[in-house]
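Peer 1: no sequence on this one, just coordinates:
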């Protein structure tokens, strides 16, 4: 696999970890400031996911992804 594609896969894996952290953290938080933190993590994860998936699709269309 090309290094650029490996990086996209790593970004998608990071997204999953970020979503897991935000879900687990939100379920055990003790104040609203923690809720804000986990909300920002979740929002950022979805934005990164959207960008990484779009880039993956672009690589597939260019024939650079196997």
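Peer 2: Alright, I've got the coordinates. Values in this document were obtained by computation on a predicted structure and should not be read as measured data. Residues are numbered from 1 along each chain as shown.
Peer 1: Does anything pack onto the longest helix anywhere in the chain? Which helices or strands?
Peer 2: Among all segments of the chain classified by DSSP state H, the helix with the greatest residue count is helix 32-62. Helices and strands touching helix 32-62, as assessed by 3 or more CB pairs under 8 Å, 6 or more residues apart in numbering; DSSP states H and E, comprise helix 3-28. C-betas here are computed from N, CA, C, even on glycine.
Peer 1: Residue 49 contacts residue 14, doesn't it?
Peer 2: No. Look at residue 49 against residue 14 with CB atoms under 8 Å: they stay out of range, at 9.4 Å.
Peer 1: Who has more neighbours out of those two?
Peer 2: Higher neighbour count among residue 49 and residue 14: residue 49, with 17 against 14, using other CB atoms under 10 Å.
Peer 1: State the pLDDT value of the spatially closest residue to that one that is not a sequence neighbour.
Peer 2: In this structure, residue 49 finds its nearest non-sequential neighbour in residue 15, 4.4 Å apart by CB to CB, 6 or more residues apart in numbering. Model confidence at residue 15, expressed as pLDDT, equals 98.
Peer 1: which ones are touching residue 15?
Peer 2: Residue 15 makes contact with 45, 46, 48, 49, 52, according to CB atoms under 8 Å, 6 or more residues apart in numbering.
Peer 1: would you list these in a markdown table and tack on pLDDT and distance to residue 60?
Peer 2: As requested, the contacts of residue 15 are arranged in a markdown table below (pLDDT from 0 to 100; distance: CB to CB, whole Å):
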| residue | pLDDT | distance to residue 60 |
| --- | --- | --- |
| 45 | 98 | 22 |
| 46 | 98 | 21 |
| 48 | 98 | 18 |
| 49 | 98 | 16 |
| 52 | 98 | 13 |
